[in-house]
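> compute the structure for the input listed below.
(one chain, ligands or ions: 1)
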Amino acid sequence: MCGIVSAIARHNIVPVLIEGLRRLEYRGYDSCGIAVLTDGAPRRVRSIARVEDLAAQVEKAGFASGIGLAHTRWATHGAPVPDNAHPIFSRETIALAHNGIIENHEALRKALSAQGYTFVSQTDSEVIAHLIHSLLPASSLEHFSARLLLARARRQYGDRCGRSRSASLRDGGDPAAIPNTRNDDVTQCKPLKNALADAVRAAVQQLRGAYAIAVFHSAEPHCIVGARRGSPLVVGIGEEAHFLASDAIALAGETERFIFLEDGDVVELTADTVNITDSNGARAERELRVLTSLHQIGALGPYQHFMQKEIFEQPRALAESIAQRDTFLPSCFGERARAVFERIDRALILACGSSYYAGLTAKYWLESIAALPTQVEIASEYRYRSPVPHPDTLVVAISQSGETADTLAALKYAHALGQAQSLAICNVATSAMVRQTALSFLTRAGAEIGVASTKAFTAQLAALFILTVTLGKVRARVAPSAEDAYRQQLRHLPVALNRVLALEPHLIAWAETFAGKENALFLGRGMHYPIALEGALKLKEISYIHAEAYPAGELKHGPLALVTDAMPVVAIAPNDALLEKLKSNLHEVRARGGQLYALAEPETRIDSDIGLRAIRMPEHEGPLSPLLHAVALQLLAYHTARARGTDIDKPRNLAKSVTVE
Ligand code: G6P
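Got it, this is the predicted structure:
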C-alpha cells in the first residue's frame, strides 16, 4: 500500500508524476502529494482528496521541473490529514516519499528530536527524512545554504525571481523589488556527488521494518535516490529520463524497460545514469526487463468501473490461465516440481483476504481428489503462532499481488520452521513472493485494478484445481479417465462463466432489493462454503452492507436468531451431495420469515416462491462449480454497491495490495 512515483529528466516531469499517481491510486487513496525541485528548493502540494484535486492544485501552482516525486497514501501512522501526507520534508532541503512501515520509528524519533529535529507529522516516515538529513556531511549542508537563501528570496519576491534579473526587468519588473541575485548562483553550485546516496545507504542500515523510498536533496538537483526492503520499487528507463515507481503500471506510456530492485538495494538515478548498490554497498547489476503490454492497462473501455471490467474479463483470464497447463504435468509448477510433489505428504496453504478463501476451497479439492491432508491458514495468524511443522509439507502461498506483507512473512516463517518445499500461486511474475519460493504458478488474469479481487480470485481457483489434479496424478489418486473428465471441465469453464455473466439482469434485480438493506447472510456447504465467505466479503467491502457467511449447517447454532423478514439470506444451492441437507436449512430460514435468495441449478427443484427468489445457474461443473457461484456473487455485490453509489474501485479505508502487517 501507498504508491510512489518519482522521475528525473531533462524535461518537465510533472505530468508523468500526476499520471503515475492516477495509475497507483489502487495502492491507497487517503491522501496524495507531489514535490518538485525548482529554483534550488523543494516545493510541494498535498491533498486529502483524490489525485484529480492534486492535479488541479499543481496546475494552479504552475509546477514544472525535471526532478520530482509523488505519493498516494494508505494511512498507517497518523490520520489522513495534510500534515501526514507525503512527500515529507526535512529542513526544507530533503523531500521523501515512503511506502512501508518503520517499526523502530519511536526510538529514531527520540534520537533525532534530541539532535534538534522537529517533527511536524505523526508518520513513521518522517524519521527517514530527518535521519537521511542528519547523515549528510556537514559540507553538503553548508554548500546548500546559499541555494536555500536564494530560494527563500525567490519565494518572497514571487515567480519573477525564478528567472534571471535581466529577464524580469525586460518583462517590466520593478528593479527595486527584484533581488540582484544571479540565476547562475544556483547552477554554479556543483552538487556534492553521492552525498545523498551515501546518506541513504547509511540511513537504511538503521531502519527496521519495510520500506520503499524515493528521495531528493536540494544540494544534488541532478539526482534522485531510491531504496527498498520489503516493499516494491522498480526503476523505469526512459529517454533522457529515469523513473522510480512502486509498480511498473505507474509508468505505462513512459517506458517499457524496467529494472526490479531487490531487497536492500539503493539506486541513484540521474537523467542519464542508473547506479545500483546492494545491501552490502557493492555495485550491483540487475536484469533489465521489457514489459510490452502495460499501456493496455488502465483503460475502462465500455465499463463503468474496473471491477465490472474485471468481472467480465474472467472467461478470458481463466482461458489464459488454463492454457497449456491442463496437461496436469508437474513441470507447469517449475523444473523441480516433480521431485517435490513426490516427496511431500501434506499441504499448508498461507494467504490473506480473497486469496485465503481460494485456499479454503482448494482444501476440499486437495483432500477429496488428491487425498492430500491440507491445512489452510490466515497468514497474519500463522506467522505469530507456534505450529507443529513437518519437513514433508508443501507450503503454498497464494497472493494476487505477491506483495502482501503478512503472506510474505508467513512464508518466511514456514521456511524458518524447516518447511523448505514451497510454491507461490501469484498473478505478478516480478513479485517478491515468486522470488521466494522454489516453485511457482503464475495466473494470467492480467493486472487487477479494482480493490475487490474478482478475476484474480477465480484464476487462483483454476490454478489450485490444476495443482490438485497434478498432485492427484503424482499420488496415483487420479485415474486417466478422471483426468480427462477434469480437463474437459476446465476447458468448459470459459463458456460456463459466460453463461453466468449472462445472468446479470437477474442479479441486478436482486441488487435493487439488497441496496436498501444493512445486513445480509450468506450460506453454503462443503466447497461452496468458502464461496459464501467470499460473497459476503465482496458485498461488505464495496457496498458497506454488513454481511456474514456460515456453513448452512451452523445456522441453528446462532445466526438463525438474526433471521427476520429484513434479513436477506443468500444460499448457494448447487446440485451436489449436500443438496437435501441444504434444503432443510433453507426451510429453517423460510419458517422464520427470512427472505431467501438462492443460486440454484436446474435439477435442484428450488424455484421462486413466496419468500424465495431463485436464479437458475448454468449446469453443474462438478468440482469447478464454486467458480461459477463466485462470479454470480461478484455481480450481486457490484450491482448492490452501484445502486448505493459507493466508490466501487476504491472502497473506503481499503487498498489493493497490503504491504503492511
Ligand atoms: C487486500 C485486497 C484483497 C486481497 C487481499 C490479499 O485486502 O483488497 O482483494 O484479497 O489484499 O491480497 P493478495 O495480493 O495477497 O492476494
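> which SS state does the residue nearest to residue 77 when sequence neighbours are not counted fall under?
Of all residues not flanking residue 77 in the chain, residue 124 sits nearest, at 4.4 Å (C-beta to C-beta, 6 or more residues apart in numbering). All C-beta spots, glycine's among them, are computed from the backbone N, C-alpha and C. Three-state call for residue 124 (DSSP: H, G, I helix; E, B strand; the rest coil): coil.
> residue 124: neighbour count?
Neighbouring residues of residue 124 were enumerated by other C-beta atoms under 10 Å; the total is 23.
> that one against residue 75, yeah?
No. At 11.1 Å, residue 124 does not count as touching residue 75 under the criterion of C-beta atoms under 8 Å.
> what is the neighbour count of residue 369?
Count around residue 369 with other C-beta under 10 Å applied: 19.
> I'd guess residue 521 is in a strand, am I close?
Yes. Under three-state DSSP, residue 521 sits within a strand.
> which element follows the lowest-mean-pLDDT helix or strand in the chain toward the C-terminus?
In the chain, the helix or strand scored least confidently by mean pLDDT, DSSP states H and E is helix 184-188, which has a mean of 33. As assigned by DSSP states H and E, the chain's next helix or strand after helix 184-188 is helix 195-205.
> packing partners of the helix or strand following that following helix?
Reading on from helix 195-205 to the C-terminus, the next helix or strand found by DSSP H and E is strand 209-217. Under the contact criterion of 3 or more C-beta pairs under 8 Å, 6 or more residues apart in numbering; DSSP states H and E, strand 209-217 touches strand 3-9, strand 67-73, strand 94-102, helix 126-135, helix 195-205, strand 224-229.
> how about CSV for the ones you listed, with mean neighbour count and mean pLDDT added?
Shown next, in CSV, are the helices and strands packed on strand 209-217 (neighbours: other C-beta atoms under 10 Å; pLDDT from 0 to 100):
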stretch, mean neighbour count, mean pLDDT
strand 3-9, 30, 96
strand 67-73, 31, 95
strand 94-102, 28, 93
helix 126-135, 25, 97
helix 195-205, 21, 96
strand 224-229, 26, 96
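> dump the ones you listed to JSON lines, plus distance to the ligand.
Shown next, in JSON lines, are the helices and strands packed on strand 209-217 (distance: least, C-beta to the nearest ligand atom, whole Å):
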{"stretch": "strand 3-9", "distance to the ligand": "14"}
{"stretch": "strand 67-73", "distance to the ligand": "15"}
{"stretch": "strand 94-102", "distance to the ligand": "15"}
{"stretch": "helix 126-135", "distance to the ligand": "25"}
{"stretch": "helix 195-205", "distance to the ligand": "25"}
{"stretch": "strand 224-229", "distance to the ligand": "18"}
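> could you dump the ones you listed into a markdown table and include distance to residue 494?
Shown next, in a markdown table, are those (distance: least, C-beta to C-beta, whole Å):
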| stretch | distance to residue 494 |
| --- | --- |
| strand 3-9 | 33 |
| strand 67-73 | 35 |
| strand 94-102 | 36 |
| helix 126-135 | 47 |
| helix 195-205 | 46 |
| strand 224-229 | 38 |
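> looking at these, spot the one closest to residue 493.
strand 3-9 (33.3 Å; C-beta to C-beta).
> need the next SSE after the closest one, C-terminal direction.
helix 14-24.
> end to end on stretch 412-421, go ahead and measure it.
With C-alpha to C-alpha, to the nearest Å as the measure, stretch 412-421 spans 12 Å from end to end.
> start the count at 35, not 1, going forward
I'll keep to 35 as the first residue from here, and by that count the last item is stretch 446-455.
> mind listing residues that contact that stretch?
Stretch 446-455 has contacts (C-beta atoms under 8 Å, 6 or more residues apart in numbering) with 374, 377-378, 382, 384, 416-417, 421, 423-429, 456, 470, 472-473.
> can you get me a residue count around the residue of the stretch 535-684 of the chain found nearest the ligand?
The stretch 535-684 of the chain approaches the ligand most closely through residue 575 (7.0 Å), counting by C-beta to the nearest ligand atom. When neighbours are counted by other C-beta under 10 Å, residue 575 registers 23.
> next: residue 255.
Around residue 255 sit 22 other residues, with neighbours defined as other C-beta under 10 Å.
> so where's the chain shaky on pLDDT?
35, 173-227, 330, 332, 694 (pLDDT under 70).
> where's residue 402 relative to residue 429, distance?
Residue 402 is 21 Å from residue 429, where distance means C-beta to C-beta, to the nearest Å.
> which residue, other than its chain neighbours, is closest to residue 396?
residue 498 (3.8 Å).
> tell me which helix or strand that neighbour sits in.
Going by DSSP H and E, residue 498 is in helix 489-508.
> next: residue 622.
Counting by DSSP H and E, residue 622 is part of helix 613-625.
> I'd like the next helix or strand past that helix.
Assigned by DSSP H and E, the successor of helix 613-625 is strand 629-634.
> for that next one, give me every contacting residue.
For strand 629-634, using C-beta under 8 Å, 6+ apart, the contacting residues are 544, 547, 599, 601-608, 620, 623-624, 640-641, 645-651, 663, 666-667.
> show me what from the stretch 435-584 of the chain comes close to the ligand.
Residues of the stretch 435-584 of the chain lying near the ligand by C-beta under 6 Å from any ligand atom: 435, 438, 441, 485, 486, 487.
> return the residues in contact with residue 296.
Residues in contact with residue 296 (C-beta under 8 Å, 6+ apart) are 262, 312, 318, 320.
> part of a helix, is it?
No. Per three-state DSSP, residue 296 lies outside any helix segment and is coil.
> start and end of stretch 453-473, how far apart?
13 Å.
> meant to ask about stretch 336-354
With C-alpha to C-alpha applied, stretch 336-354 spans 22 Å between its terminal residues.
> for that stretch, list every residue counted as buried.
Across stretch 336-354, burial judged by 16 or more other C-beta atoms under 10 Å covers 339-349, 351-354.
> hmm, who's touching stretch 365-373?
Here stretch 365-373 makes contact (C-beta under 8 Å, 6+ apart) with 358-359, 364, 375, 457, 472-475, 500-501, 504, 508.
> 7 Å instead, please
By C-beta atoms under 7 Å, 6 or more residues apart in numbering, the residues outside stretch 365-373 that reach it are 359, 364, 457, 472, 473, 474, 475, 500, 504.
> among those, which are in helices?
Those of these mapping onto helices are 500, 504, per DSSP state H.
> closest to residue 94 out of the contacts of stretch 365-373?
So of these, ranked by how close each gets to residue 94 (C-beta to C-beta), first place is residue 474, at 47.1 Å.
> that closest one contacts residue 458, correct?
Yes. Between residue 474 and residue 458 there is a contact at 4.5 Å, judged by C-beta atoms under 7 Å.
> list residues touching both of the two?
Common neighbours of residue 474 and residue 458 (C-beta under 7 Å, 6+ apart) are residue 468.
> who has more neighbours, those two?
Neighbour tally, residue 474 and residue 458, criterion other C-beta under 10 Å: the higher count belongs to residue 458, 28 against 21.
> excluding chain neighbours, what is closest to the residue in the chain positioned nearest to the ligand?
Per C-beta to the nearest ligand atom, residue 387 is where the chain lies closest to the ligand, at 2.8 Å. Leaving aside its sequence neighbours, residue 387 sits nearest to residue 487 (C-beta to C-beta, 6+ apart; 6.9 Å).
> could you do residue 435 as well?
residue 691 (4.0 Å).
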